[in-house]
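A.B. asks: Provide a 3D model corresponding to the input given below.
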Amino acid sequence: MSFDKIKRITRGLSNTFIVFGAIGLLIMTAIITWQVFGRYVLNQSPDWTEQTALILMIWYVMFGAAAGVREGFHIRIEALERMLPAKVSMFTRLFANLVVGLCGLAMLIWGGMLVVGTWSHVVPTVGVSRGAVYLALPIAGALIALFSFERMVDELHQRTTTEGGA
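C.D. replies: Now for the predicted structure:
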């Protein structure tokens, strides 16, 4: 499989997670609106709204973070990067992506342990396994690691293309 095909697949994944995040935010907003309406108008707040909103937020924030890595939205000091010579700047970008990728691997490993350790616990008001709630952590961690690796390969590919073409 060519790198361009991998980039198309990861771009599609990233776009899907951005849409998923937007939909999750809209649904969460509707749930919180219903909760406020229930509390202040009906004088009885539905039991399931708070936990459901939190579960949605865990999922859409994790996948939004993964998409952010793919799109280059992760935290770095871009002003400093621009002031550095091109080679040093490239190494800072590679290092930043390496650190982010390692954080993604940590999320994959320890998030997976959290999922396994909490699978039998049930969120009382929703009836969903706590492990299922936390499943977003290892999935997003794997995606963050994949997207970081892709960015590193892309950075190196651009460097060889630029040097080869000069």
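
A.B. asks: what about Pro85, how many neighbours?
C.D. replies: Per other C-beta atoms under 10 Å, the neighbour tally for Pro85 reads 8. For every residue, glycine as well, the C-beta is placed using N, CA and C.

A.B. asks: Got phi/psi on it?
C.D. replies: phi -60, psi 160 (degrees, to the nearest 10).

A.B. asks: Could you do Ser129 as well?
C.D. replies: According to degrees, to the nearest 10, Ser129 has phi -60, psi 130.

A.B. asks: so what's the closest residue to it other than its chain neighbours up against?
C.D. replies: Excluding the flanking residues, the one nearest Ser129 by C-beta to C-beta, 6 or more residues apart in numbering is Trp119, at 5.6 Å. With C-beta atoms under 8 Å, 6 or more residues apart in numbering as the criterion, the residues that contact Trp119 are Ser129, Arg130, Gly131, Ala132.

A.B. asks: and stretch 126-143, what's its mean pLDDT?
C.D. replies: When pLDDT is averaged over stretch 126-143, the result is 95.

A.B. asks: Give me the buried positions along it.
C.D. replies: 126, 129-131, 133-143 (16 or more other C-beta atoms under 10 Å).

A.B. asks: Same question for stretch 48-66.
C.D. replies: Using 16+ other C-beta under 10 Å as the test for burial, stretch 48-66 gives 48-49, 51-53, 55-56, 58-60, 62-66.

A.B. asks: Sort out for me which of those are in helices.
C.D. replies: 49, 51-53, 55-56, 58-60, 62-66 (DSSP state H).
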